[in-house]
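Trainee: Okay, predicted coordinates and the sequence, questions at the end:
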Amino acid sequence: RGDAAAAAFSTLASELPWTTETDEFGLHDRKTAYFGDADCVFAFCGLALSPRPWTPALLRLRALVEEACGLAPGALTACLANNYPDG
């Protein structure tokens, strides 16, 4: 499990299109990448993010999480990935 988690983290850290957002409180201290179903706009603190299409790596993780949680396939509709400078 540890090796699989480390590999998934490495893949996501290198493949996701990270951005640094600014909201009503200012510039974020982290990078984010938002993915999901087309109709899942994520809004918080004056910022609205439209989802990017799911990547193959995120689709694999989505399926694993849904299965582990006993959810139907497709129950998870979005993923906001955060990448903090200190981990």
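Mentor: Done, it's in.
Trainee: count of residues packed around the nearest residue to residue 18 once chain neighbours are set aside?
Mentor: In this structure, residue 18 finds its nearest non-sequential neighbour in residue 31, 3.8 Å apart by Cβ to Cβ, 6 or more residues apart in numbering. Where you see a C-beta, it was placed from the backbone N, CA and C, and this is true even at glycine. Applying other Cβ atoms under 10 Å, we find 17 residues neighbouring residue 31.
Trainee: Return the backbone torsion pair for residue 31.
Mentor: Dihedral pair for residue 31: phi -100, psi 150, per degrees, to the nearest 10.
Trainee: name the element residue 9 belongs to?
Mentor: Here residue 9 sits within helix 2-15, counting by DSSP states H and E.
Trainee: helices or strands next to that helix in the packing?
Mentor: helix 56-68 (3 or more Cβ pairs under 8 Å, 6 or more residues apart in numbering; DSSP states H and E).
Trainee: quick one: the next helix or strand after the helix it packs on to chain centroid distance?
Mentor: Downstream of helix 56-68, the first helix or strand assigned by DSSP H and E is strand 78-83. Remark: strand 78-83 is offset 2 Å from the chain centroid, using Cα atoms, centre = their mean, to the nearest Å.
Trainee: Lovely, talk soon.
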